[in-house]
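>>> only the shape, not the letters, is given here:
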Ligand SMILES: *Cc1c(COP(=O)(O)O)cnc(C)c1O
């Protein structure tokens, strides 16, 4: 039985009529940028997260740059960020003029810890980007206790929850991506910045629209970075299903565990109290690429994502600072392998994947 690495179409297929109606509503209304759909989605998404404000922006990368700008981060400042993450978590720092300073991750959770962040702090550190990687929930409260403003990169963690609430409502600011492969997708690019601080929310709203409140006076040098009405209307159809999809992703992780996968490969460890809506289910094995080839030969999707961590990417030479050895990062980069995960992954598929892993190792 072939099992794809992910299947984004099946969970959306029952929603076709509703999605078409939402798109038609926008076409009939004739407003395409910063209209009623975006305002309504912002309210609904903030309520879902338990944050006071959600502000729609063009994508998850801009969301990070805008969040840092709202905090006043600029030239001369350092921003601590993990190297084991999607490239954009780091790339988004550079346009602010600040310097990325790389910190390590715990390879068992793939997340930063208070210790790995502390080891990377410099006298110029003005913020920490904490990535909830693969849907696991990074220990934001412990990192906030270091006294440095935290921005959550929650692009992979919509629907997860942790001891202090949901990713997206745990720090000063948080950022999301609604790229089609994420847990809460739209049909193109989209993103959001969330916060419970009204002043920061005000700055984010200005920054996404050229630094202006009223389209006449420009108080900041900002960005043109908006979520559009079509994407917001689509997101409003999908948001009520996020909780069910998150539950299915979490349950699929438990099913892998129950089927004995942990005897064959190292499983991702949820952080204490976390209930991850796994965005990707990423195991570890000393010969991960061989395992991937063995799975692909049996029709099972498998892929590495961050074999070359960000601090070793060509564009980062001379840009970021990686002082301490990043041992957890190197371990995770070398051994990680994503296997099938998604809201449509059922028990039969889980058993097929585990049988294929057993045959391959
Ligand atoms: C997807 C992603 C982003 C960027 O989101 P885009 O919408 O593609 O710009 C940032 N950080 C992480 C961890 C991501 O997975």
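Yep, that arrived. Fair warning: this is a prediction, and the values are worked out from it, not measured in the lab.

>>> centre of the chain versus whichever strand or helix holds residue 117, how much separation?
Per DSSP states H and E: residue 117 is located in helix 114-118. For helix 114-118, the distance from its own C-alpha centre to the chain's C-alpha centre is 20 Å (Cα atoms, centre = their mean, to the nearest Å).

>>> near the ligand, which residues of this protein show up?
59-61, 85-86, 88-89, 131, 153, 155-156, 177, 179, 189, 191 (Cβ under 6 Å from any ligand atom). Just so you know, the C-beta spots here come from the backbone N, C-alpha and C atoms, and that holds for glycine as well.

>>> please repeat the previous calculation with a cut-off of 5 Å.
Applying Cβ under 5 Å from any ligand atom, one finds that the chain approaches the ligand through 59-61, 86, 88-89, 153, 155-156, 177, 179.

>>> in helices only, show me those residues.
Among those, the members falling in helices (DSSP state H) are 60-61, 88-89.

>>> mind listing the helices for this protein?
9-12, 16-29, 36-49, 60-70, 88-91, 114-118, 140-144, 198-208, 229-258, 288-297, 327-335, 347-360.

>>> give me the buried positions along the fourth one.
Residues of helix 60-70 classed as buried under the neighbour-count rule (16 or more other Cβ atoms under 10 Å) are 60-70.

>>> which residue packs closest to residue 113, ignoring adjacent ones?
residue 106 (5.4 Å; Cβ to Cβ, 6 or more residues apart in numbering).

>>> then residue 157?
Nearest residue to residue 157, sequence neighbours excluded (Cβ to Cβ, 6+ apart): residue 132, at 3.5 Å.

>>> contacts only, for residue 286.
When contacts are counted by Cβ atoms under 8 Å, 6 or more residues apart in numbering, residue 286 touches residue 335.

>>> re the thing from before, how many neighbouring residues does the residue nearest to residue 157 have?
Using other Cβ atoms under 10 Å, residue 132 is surrounded by 31 other residues.

>>> what's stretch 50-58 in contact with?
Stretch 50-58 is touched from outside by 38, 41-43, 45-46, 63, 66, 165-166, 168-169, 174, 189-198, 201, 204-205, 208, 224-227, 232, with contacts defined as Cβ under 8 Å, 6+ apart.

>>> before we move on, back to that, show residues contacting the helix holding residue 117.
Outside helix 114-118, the residues that touch it by Cβ under 8 Å, 6+ apart are 80, 82, 103-106, 128, 130, 139, 142-143, 145-146, 148, 328.

>>> cool, and stretch 320-335?
So stretch 320-335 is contacted by 78, 82-84, 90, 99-107, 110, 116, 119-120, 122, 266, 284-286, 288, 306-311 (Cβ under 8 Å, 6+ apart).

>>> ok, of the residues you listed, which come out buried?
Buried members of the contacts of stretch 320-335, scored by 16+ other Cβ under 10 Å, are 78, 82-84, 90, 99-107, 110, 116, 120, 266, 284-285, 288, 306, 309-311.

>>> quick check: mean pLDDT of stretch 48-66?
Across stretch 48-66, pLDDT averages out at 98.

>>> that one: end-to-end distance?
End-to-end distance for stretch 48-66: 22 Å, by Cα to Cα, to the nearest Å.

>>> if we can go back for a sec, so who does the residue nearest to residue 157 touch?
By Cβ under 8 Å, 6+ apart, the contact set of residue 132 is 111, 138, 152-154, 156-157, 160, 167.
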